[in-house]
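Colleague: Return atomic coordinates for the entry below.
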Amino acid sequence: MSIFSIGVSGLNTAQLALGTTSNNITNVYTPGYNRQLTLLGESGVGSGVQVNGIQRQFSQFVAGQLNQANSSSSALSAYNVQVGQIDNLLADSKAGLAPLLQSFFSSLQDLAATPSDPASRQGVIGSADTLTAQFRAFDGYLHDMQQGINGQIEDEVFQINNMAEQMAMLNREISLAKAKTGEAPNSLLDQRDQLVADLSSRIDVRLTVQDGGTYNLSVGNGQALVAGTNSFELVATPSAADPTRTAVGYVDGAGNTLEFSETTFSGGTLGGLMTFRRETLDKTQNQVGQIAVSLAQGFNERHRLGQDLNGEQGADFFAIGQPLAFANANNALGSAQIVATAFGDMRQLEATDYSVRVKDATPTFEVVRKDNGEAVAFEYDSAAKELSFGGVVLGFDGGSFTAGDRFEVQPVRRAGSGLDVAIGELDQVAAGNFLDVGGDMSIEGLSADGGAMSGSPAGGYSLTLAADGTLTTSGGTIERNGQAMNLATDKVVAGDELMLDGVRFTVEALPASGTATLTLKEAAFGSGDNRNALALQGLQSKALVGGVATLNQSYAAMVGDVGNRANVVKANLAAQDGLTEQLSALQQSESGVNLDEEAANLLRFQQYYQASAKIIEVGTSVIDTLLGLRT
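Modeller: Below you'll find the model as predicted:
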């Protein structure tokens, strides 16, 4: 090997090294760029130098850890943005429900002080209008958030599919490049790794590297997103259980859309949105709805025990929406359908949704709470085709039940949207008592249906209950637990609900000995009667919500729950961001471009180039000297 060849190999190598260093410097701010090194080696013994390759400074392990951290950070960030909106809404001391509830019950205090005063009656209706309008506004805001989440999920799925398609194309281009040159171009490898990072910020993906360096990606339960040069699309589709809700699925080989479970995704923006919807948004909607239903039902029940200024029994004061129920889109054709929904026992009403599954055609059901997965007791009336559970009554049509059929039940999800004041006349506010109740019978839960006491004799009703459960009455038909009672043979036990002429009550205890009596009659009319107004005002301190909390306590608990979630998510996000920053610094220390280091390399390889040129210059001088000797 001549001195010229050795010098030329040095010049070529120095030029390539300078080119690599220059490329590093100019791509210092290029996302996903990994610093490159020129690998040098001896070109045979005494034959100069050669470039063995241009190596990317890339660690698959560090990149994988960083992608996982970014996926978690993106999920928490999406969750944090959404939950912050609800927290700000509920915690607003002026726009919240707490001051409006207080104002409403304060107006009832004014009504109790002057029951016949039109101004106090107008105050009750006006404060009720304001309160119900705020409930509807809350419900509308939360419903808009649900629709917004649906739209964001569709956008995320579109972006994920687009990236998956690009990933498959890059796999193909990298394979072709390797086939042509024997090496994959570093720029394509950088683009592919950056795509994995971008995908990880949107959805939690699992990366496997196939023999030959091809990337395969899977999501959720192992469904392939990218397999070699093929990509598979996710689809944003209406949920089979609830058509108002956007779910994520994929299309199988037979063309069927298979829906992922709500809990499938936890990472990336998509996972954060779905986790927020499942954990916080659904729950908050249900809590607002539960408070609205509890207010309406509890107030209406007491108002029907009152008497208005026309001497009539009080009508329902509030109107409220009914429970929602959906048949699963995958139910068998011709299966039974839900045709009616209604509220049942208010004490069983919870802020949750339910899943109803038909186990066999008998039918036998399985009812499960969706918030905690617990099975719920139910009753089925085969004659009326009514299923009762959790404070809800579902009415089915005449269709047959098929094992495996499912129904989604949302008792209170949108109840707030239907809350409104049902009376429009000032005289209809029932401030006086409708019933006079006497006697020593131990009862609780006194209530009256609309049109109660319509068949009452002039002196009302008188009931006598003996210690052995024998019941006698001065007239009317008694119903016990919804069935007509045979007074000659049937016995009353503690806990039985009795109804007489539209008046309901529960026998709390039988008399220890002898008999106990109960008298029911319509109260005399009096414009100054404020007994029911006082009772209505007293509802503020009654456990109307699920039988365990007042309206204000339930609202405060909801605000506190959302606030706690917001704080926890914010703290977790800060911790996760710290971890992500550490991993990013680690990744940059290995793969990132350091301008100071590259500047030093420029000088080093410049000197290397000059020294190699000097070798050629020396070789030329030697040749010139040799040629001079011949002359």
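Colleague: Am I right that Leu333 is in a helix?
Modeller: No. With DSSP: H, G, I helix; E, B strand; the rest coil as the criterion, Leu333 is located in coil rather than a helix.
Colleague: That one and Asp405, how far apart?
Modeller: Here the criterion is Cβ to Cβ, to the nearest Å. By it, Leu333 lies 11 Å from Asp405. Where you see a C-beta, it was placed from the backbone N, CA and C, and this is true even at glycine.
Colleague: who has more neighbours, those two?
Modeller: Taking neighbours as other Cβ atoms under 10 Å, Leu333 and Asp405 compare with Asp405 leading, 23 against 6.
Colleague: State the pLDDT value of that one.
Modeller: Here, the pLDDT recorded for Asp405 equals 94.
Colleague: so it sits right up against Ala336, yeah?
Modeller: Yes. Using Cβ atoms under 8 Å, Asp405 is in contact with Ala336, at 7.4 Å.
Colleague: Spit out the contact partners of the spatially most central residue of the chain.
Modeller: Nearest to the mean C-alpha position of the chain, by Cα atoms, centre = their mean, lies Arg277 at 1.7 Å. Each residue near Arg277 by Cβ atoms under 8 Å, 6 or more residues apart in numbering is listed here: Gln146, Ile149.
Colleague: tell me the mean pLDDT for the top helix by length along the chain?
Modeller: Across the chain, the longest stretch assigned as helix under DSSP state H is helix 118-181. On average, the pLDDT along helix 118-181 is 94.
Colleague: next one: that helix to chain centre, how far?
Modeller: 11 Å (Cα atoms, centre = their mean, to the nearest Å).
Colleague: Give me the helices and strands touching the helix or strand following it, please.
Modeller: Counting by DSSP states H and E, the next helix or strand C-terminal to helix 118-181 is helix 186-202. Packed against helix 186-202, as judged by 3 or more Cβ pairs under 8 Å, 6 or more residues apart in numbering; DSSP states H and E, are the following elements: strand 49-56, helix 60-91, helix 118-181, strand 205-209, strand 215-219, helix 268-276.
Colleague: Pick the most deeply packed of these.
Modeller: Mean neighbours per residue, mean count of other Cβ atoms under 10 Å, is largest over the helices and strands packed on helix 186-202 for helix 268-276, with a mean of 26.
Colleague: angle of that one against strand 215-219?
Modeller: Angle of helix 268-276 versus strand 215-219, following axes from the mean of the first three to the mean of the last three Cα atoms, to 10 degrees, is 10 degrees.
Colleague: Can you list the neighbours in contact with helix 268-276?
Modeller: 71, 74-79, 82-83, 149, 152-153, 156-157, 160, 199-204, 248, 262, 265-266.
Colleague: If we use 7 Å, what do you get?
Modeller: 71, 74-79, 82-83, 149, 152-153, 156, 200-204, 262, 265-266 (Cβ atoms under 7 Å, 6 or more residues apart in numbering).
Colleague: Quick check: which ranges of the stretch 201-350 of the chain have low pLDDT?
Modeller: For the stretch 201-350 of the chain, no stretch has pLDDT under 70.
Colleague: How about the stretch 501-631 of the chain?
Modeller: 630-631.
Colleague: per-domain residue ranges of the protein.
Modeller: Following automatic domain parsing, one finds the domains of the chain at 3-57+594-630, 322-408, 435-522.
Colleague: could those go into JSON lines alongside distance to Gly424?
Modeller: Formatted as JSON lines, those follow (distance: least, Cβ to Cβ, whole Å):
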{"stretch": "domain 3-57+594-630", "distance to Gly424": "63"}
{"stretch": "domain 322-408", "distance to Gly424": "22"}
{"stretch": "domain 435-522", "distance to Gly424": "17"}
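Colleague: Not counting sequence-adjacent ones, nearest residue to Gln50?
Modeller: Using Cβ to Cβ, 6 or more residues apart in numbering and skipping residues adjacent in sequence, the residue nearest Gln50 is Ser43, 4.0 Å away.
Colleague: pretty sure that neighbour contacts Asn12?
Modeller: No. Assessed by Cβ atoms under 7 Å, Ser43 is found out of contact with Asn12, at 10.3 Å.
Colleague: Mutual contacts of the two, please.
Modeller: What both Ser43 and Asn12 touch, as defined by Cβ under 7 Å, 6+ apart, is an empty set.
Colleague: And the residue nearest to the centre of the chain, how close does it get to Leu270?
Modeller: 11 Å.
Colleague: Alpha carbons of stretch 495-504, in CSV - could you do that?
Modeller: Provided in CSV are the C-alpha atoms of stretch 495-504 (Å, rounded to 0.1, in the frame of the first residue of the first chain):
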residue,chain,number,x,y,z
GLY,A,495,-92.4,-3.8,58.1
ASP,A,496,-95.6,-4.4,55.9
GLU,A,497,-96.5,-1.4,53.7
LEU,A,498,-100.3,-0.8,53.8
MET,A,499,-102.4,1.4,51.5
LEU,A,500,-105.9,2.6,52.1
ASP,A,501,-107.6,4.9,49.6
GLY,A,502,-104.3,6.2,48.2
VAL,A,503,-102.7,6.7,51.6
ARG,A,504,-99.6,4.6,52.2
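Colleague: show me what contacts Asn572?
Modeller: Residues Leu76 are the ones in contact with Asn572 under the rule Cβ under 7 Å, 6+ apart.
Colleague: Hmm, I typed the wrong one, I wanted Glu497.
Modeller: Contacts of Glu497 (Cβ under 7 Å, 6+ apart): Asn481, Arg504, Thr506.
Colleague: Specify the beta-bridge partners of it.
Modeller: Beta-bridge partners for Glu497, by DSSP bridges, are Thr506.
Colleague: so how far is Gln483 from it?
Modeller: 11 Å.
Colleague: Give me the helices and strands touching the one helix or strand Ser5 maps to, please.
Modeller: Taking DSSP H and E as the definition, one finds Ser5 inside helix 3-26. Judged by 3 or more Cβ pairs under 7 Å, 6 or more residues apart in numbering; DSSP states H and E, the packing partners of helix 3-26 are strand 36-42, strand 49-56, helix 595-630.
Colleague: Could you tell me how far the closest residue to Val51 other than its chain neighbours is located from Lys614?
Modeller: Spatial nearest neighbour of Val51, chain neighbours left out: Leu16 (5.2 Å); criterion: Cβ to Cβ, 6+ apart. According to Cβ to Cβ, Leu16 stands 19 Å off from Lys614.
Colleague: So for the two, which residue has more residues nearby?
Modeller: Under the criterion of other Cβ under 10 Å, the comparison of Leu16 against Lys614 puts Leu16 first, with 16 against 12.
Colleague: Ala431 contacts Arg531, doesn't it?
Modeller: No. Contact criterion Cβ under 7 Å: Ala431 and Arg531 do not qualify, at 8.1 Å.
Colleague: More neighbours: which of those two?
Modeller: The neighbour count for Ala431 versus Arg531, taken as other Cβ under 10 Å, is higher for Ala431 (31 against 19).
Colleague: tell me the phi and psi of the more buried one?
Modeller: phi -90, psi -30 (degrees, to the nearest 10).
Colleague: hang on, Ser442 packs against Ala512?
Modeller: No. Applying Cβ under 7 Å, one finds Ser442 not in contact with Ala512, separated by 10.1 Å.
Colleague: of those two, who's got more company?
Modeller: The residue with more neighbours, out of Ser442 and Ala512, is Ser442; 15 against 7, by other Cβ under 10 Å.
Colleague: returning to that earlier point: in the helix holding Ser5, what counts as buried?
Modeller: 6-14, 16-18, 20-21, 23-24 (16 or more other Cβ atoms under 10 Å).
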